[in-house]
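Participant: Give me coordinates for this.
(chains A and B)
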Amino acid sequence: MTSEPDYLLLREIVSSCFILLGTLFMLIATIGLLRFPDFYIRMSAITKGATLGVGLILLGMAIYFNQADMLLKVIVIITFTFITAPVAAHVIARTAMYNNVPFWKETRLEAFREYLKKYLGKNSEEEVKD
Amino acid sequence: MKTFSIHIVIAIALSYLFFDYSSLLPYNAATALLVFLVFILLLWLSAVFYHPSYFRKLPKAMAFLFFFLKEMFVANIKIAYEIITPRYRMQPTVVALPLSARTDVEITLLAAMITLTPGTLSLDVSDDKKILWVHVLYLEEGGAEEIVQKLKWGFERRLLELTT
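Facilitator: Below is the predicted model of the structure:
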């Protein structure tokens, strides 16, 4: 009776762990989105948290259903998320930079300021200081 | 890259046929993954005859993938710790990363990987494709130079080993 381990229960426990970990990362990233001081730091927090969270949740789902085609689809979805999410983050951060979204006051910009001035013109200098 | 895609398609087809025509193993995700990996391994071993550079590069690519996943996980925990503890310990800095990567694909991959590693966000590539501006959350003891060296020798070198 006890010689046969309960694989369904084991799978449920493991997949629950993955899904809970994924939602936890997403929750923490969302808290970070609310309390970090400037746009760029928020971008950095939310992109990674969301990407890793989605990956872990999907992985947990694949373990729960335990079917080959489901696993294949999950791997494909994770791959595409990992390719597209950073590109979107990069485009948003770049647009913000060209539109003078201010940096946090403690950000060190010594090397970057020259480059910004060159591309944004003279009037941007005081806004960048913030 | 091309050889790798072809191998993946062949391995999927072969594992499909394997489960269609034999019932040696029970059909579920774990055994399917196992059979698929065995086929990929066999195809990789066969590549030594017709594509030696692919034979050399695949283990490095796998090592790089695991290095990247580990890096991503560890740094995610670090940023989570920063979020849930009340005081800020970060020192955001914008650093210039001089690029050795030349082609657009290499630069795109490098920028994407830098963005996915928490604590760093790639901001912009200069017009002559020589400098990548990276927004870094944490400065370590060595300052900006240390971060640049870490990114250059950790990510860019490994990436260039694979693409050239």
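
Participant: Closest to the centroid, which residue in chain B?
Facilitator: residue B:65 (4.3 Å; CA atoms, centre = their mean).

Participant: Quick check: that one vs residue B:162, distance?
Facilitator: Applying CB to CB, to the nearest Å, the value for residue B:65 to residue B:162 is 10 Å. (Glycine included, C-beta is placed from N, CA and C.)

Participant: What residues sit buried inside stretch B:32-45?
Facilitator: B:32-33, B:35-36, B:39-40, B:43-44 (16 or more other CB atoms under 10 Å in any protein chain shown).

Participant: what helices or strands is the host helix or strand of residue A:30 leaning on?
Facilitator: Residue A:30 belongs to helix A:7-35 when assigned by DSSP states H and E. When contacts are defined as 3 or more CB pairs under 8 Å, 6 or more residues apart in numbering or on different chains; DSSP states H and E, helix A:7-35 packs onto helix A:39-65, helix B:52-84.

Participant: any idea which of the buried residues of stretch B:32-45 is closest to chain A?
Facilitator: residue B:32 (3.3 Å; CB to the nearest CB).

Participant: contacting residues around the closest one?
Facilitator: A:68, A:71, B:15, B:19 (CB atoms under 8 Å, 6 or more residues apart in numbering or on different chains).

Participant: The same query, at a cut-off of 6 Å, please.
Facilitator: With contact taken as CB atoms under 6 Å, 6 or more residues apart in numbering or on different chains, residue B:32 is in contact with residue A:68.

Participant: what's the angle from the top helix by length along chain A to helix B:52-84?
Facilitator: If each helix of chain A is counted by residues according to DSSP state H, the longest one is helix A:68-98. If you take axes from the mean of the first three to the mean of the last three CA atoms, to 10 degrees, helix A:68-98 sits at 70 degrees to helix B:52-84.

Participant: circling back: just checking, which of the buried residues of stretch B:32-45 belong to helices?
Facilitator: Per DSSP H, the buried residues of stretch B:32-45 map to helices at B:32-33, B:35-36, B:39-40, B:43-44.

Participant: about what we covered before: want to throw the buried residues of stretch B:32-45 into TSV with pLDDT?
Facilitator: Shown next, in TSV, are the buried residues of stretch B:32-45 (pLDDT from 0 to 100):
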residue	pLDDT
B:32	80
B:33	82
B:35	84
B:36	83
B:39	84
B:40	84
B:43	84
B:44	83
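
Participant: Using JSON lines, lay out those residues together with distance to residue A:41.
Facilitator: Output for these, formatted as JSON lines (distance: CB to CB, whole Å):
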{"residue": "B:32", "distance to residue A:41": "42"}
{"residue": "B:33", "distance to residue A:41": "38"}
{"residue": "B:35", "distance to residue A:41": "45"}
{"residue": "B:36", "distance to residue A:41": "41"}
{"residue": "B:39", "distance to residue A:41": "45"}
{"residue": "B:40", "distance to residue A:41": "40"}
{"residue": "B:43", "distance to residue A:41": "45"}
{"residue": "B:44", "distance to residue A:41": "42"}
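
Participant: Out of the residues you listed, which comes closest to residue A:75?
Facilitator: Residue A:75 lies nearest to residue B:33 out of those, by CB to CB, at 9.3 Å.

Participant: Near the residue lying closest to the closest one once chain neighbours are set aside, how many other residues are there?
Facilitator: Sequence neighbours aside, residue A:71 is the residue nearest to residue B:33 in space, at 6.4 Å (criterion: CB to CB, 6 or more residues apart in numbering or on different chains). Residues near residue A:71, counting by other CB atoms under 10 Å in any protein chain shown, number 22.

Participant: Is residue A:106 in a helix, a strand, or coil?
Facilitator: coil (DSSP: H, G, I helix; E, B strand; the rest coil).

Participant: tell me the pLDDT at it?
Facilitator: pLDDT for residue A:106: 72.

Participant: how much space between it and residue A:42?
Facilitator: 15 Å.

Participant: These two: who's more crowded?
Facilitator: Neighbour count, other CB under 10 Å: between residue A:106 and residue A:42, residue A:42 has more, with 16 against 12.

Participant: Kind regards, and thank you for your time.
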